[in-house]
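Colleague: I would like to see how this sequence folds:
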Amino acid sequence: MTHRSVSWTDAESVAQLLARATGPKRAAPGGAVARLAPVMPAAAAVAKPRLASVPPVAVAGGRGAEATAAVPRLQQYSDNPSDRLDLLLAWTLDHQRCTGAFIADDNGLTLAAHGISEAHVSLVGPLLSALLAVRSIPGVDATAGALWLGTNMMSWVEARTHRGGFCLGTVGPEALSTQALEQLKDALETTVRGL
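Modeller: Numbering: from 1, shown residues only. Predicted coordinates for the structure are as follows:
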């Protein structure tokens, strides 16, 4: 299950959404054209251009990173919740150091996932339920963090709306940096705002 999405949309619709939501490639500093990886392996023939009119955010790539990379802020152009979630997953996989990502609600229901096994998807619900108890401890903020799941590190952020909470998580070989978690939280809040 690591090469296809378990969300309810297909790769072609995601590629079409990304083509509509992004503008033409812009020149990167120094005159080079920035190139991004394809959105999903199934849609490898459709290259995603750089997000238009989005100010880049400098981020350290984590331990051992050779250079600082610019990560564009996510902008959502669709009112369709499915399209918004799929764009958030694609942005996360393209701009963060992870091998998979998922989005869940505060009931533990996985709304969309890509690049993670069904075993990891099944852990999301119980994990988020356990975090409810952790949040009740005075002085403990469980809205972002990381923990080991076997040989993988799962990092997550949460955002609250009037409809409840949502969690964006990643799975990879190491925990995401504090700055990367802040970027994920901003992208998640942008995505769930108005839903």
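
Colleague: need the helix or strand of the protein with the lowest average pLDDT.
Modeller: Of the helices and strands making up the chain, the lowest-confidence element is strand 56-60, at a mean of 45, by mean pLDDT, DSSP states H and E.

Colleague: what's across from residue 146 in the sheet?
Modeller: Assessed by DSSP bridges, residue 146 has beta-bridge partners residue 155.

Colleague: show me the strands in the chain, by range?
Modeller: In the chain, the segments counted as strands under DSSP state E are 56-60, 68-72, 100-105, 110-114, 144-149, 152-161, 164-172.

Colleague: show me what the fourth one pairs with in its sheet, parallel or antiparallel.
Modeller: It refers to strand 110-114. Here strand 110-114 has these sheet partners by DSSP bridges: strand 100-105 (antiparallel).

Colleague: which ones are touching the closest residue to residue 131 other than its chain neighbours?
Modeller: Setting aside the residues directly before and after it, residue 131 is nearest to residue 142 in space (Cβ to Cβ, 6 or more residues apart in numbering), at 4.7 Å. In this view, the C-beta of every residue, glycine as well, is placed from N, C-alpha and C. When the contact criterion is Cβ atoms under 8 Å, 6 or more residues apart in numbering, the partners of residue 142 are 131, 134, 135, 158.

Colleague: swap in residue 168?
Modeller: Neighbouring residues of residue 168 by Cβ under 8 Å, 6+ apart: 88, 92, 101-103, 156-159, 184-185, 187-188.

Colleague: beta partners of it?
Modeller: Here residue 168 sits in beta bridges with residue 103, residue 157, as judged by DSSP bridges.

Colleague: state the distance from it to residue 137.
Modeller: Using Cβ to Cβ, to the nearest Å, we find residue 168 at a distance of 23 Å from residue 137.

Colleague: what does the pLDDT read for residue 164?
Modeller: Note on residue 164: pLDDT of 85.

Colleague: JSON lines for the strands of the chain, including distance to residue 84?
Modeller: Output for the strands of the chain, formatted as JSON lines (distance: least, Cβ to Cβ, whole Å):
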{"stretch": "strand 56-60", "distance to residue 84": "20"}
{"stretch": "strand 68-72", "distance to residue 84": "17"}
{"stretch": "strand 100-105", "distance to residue 84": "10"}
{"stretch": "strand 110-114", "distance to residue 84": "10"}
{"stretch": "strand 144-149", "distance to residue 84": "21"}
{"stretch": "strand 152-161", "distance to residue 84": "13"}
{"stretch": "strand 164-172", "distance to residue 84": "11"}
